[in-house]
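J.: model the structure of this input:
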Amino acid sequence: MSLSVQCPVKGRAIPMSEVPDPVFSEAMVGPGIAVDPERAEADAVAPVDGTVVTLHPHAFVVLAPSGQAVLVHLGIDTVKLKGAGFTLHVVKGETVRAGQRMITWNPAEVERQGYSPVCPIVAVEAKPDQLAALRESDAVELGDPVFTWGS
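T.: Sure, this is the predicted structure:
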């Protein structure tokens, strides 16, 4: 089964190799892409339909009915902000639809605090050859397809 993963934040798509954190740039969690977000307060939305299985102020994982999990990480090292500047709109265990508002945050403020606002979008534990149609450049809007994940 193929899963279309949608863009959770507005900005510019970049290759995962450009993320300033080896956990993501070396695909230790899984392959995917990243988005350099616009520097304004914005919503991060669900990339797929599914269940919120992990939820932190700076990151979330949505598990699709197919069993594929997608991680969205809002910025790099933003766990150190201890939730400051992030507003949650869902709870762990909630069923969400692709495009549903998950977290409101401000990438410009993250950057002012000294952290990278780049957002990895990860196909958790996928093999690199399972991803297709990776969007690794150009502007992306909320809901734009960023990659397809085949089983």
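
J.: this structure: strands as residue ranges?
T.: 3-6, 11-15, 32-37, 42-45, 50-56, 59-63, 69-73, 87-88, 95-96, 101-105, 119-123, 131-132, 139-140, 145-149 (DSSP state E).

J.: and the longest one, what other elements does it pack with?
T.: Of the remaining helices and strands, those touching strand 50-56 by 3 or more CB pairs under 8 Å, 6 or more residues apart in numbering; DSSP states H and E are strand 59-63, strand 69-73, strand 95-96. (C-beta placed from N, C-alpha, C; glycine too.)

J.: nearest to residue 8, out of the ones you listed?
T.: Residue 8 sits nearest to strand 69-73 of all these, at 4.7 Å, using CB to CB.

J.: partner strands of the closest one, parallel or antiparallel?
T.: strand 59-63 (antiparallel), strand 119-123 (antiparallel) (DSSP bridges).

J.: once you drop chain neighbours, what's closest to the most centrally placed residue in the chain?
T.: For the chain, the residue nearest the mean C-alpha position is residue 72 (2.4 Å; CA atoms, centre = their mean). In this structure, residue 72 finds its nearest non-sequential neighbour in residue 8, 4.7 Å apart by CB to CB, 6 or more residues apart in numbering.
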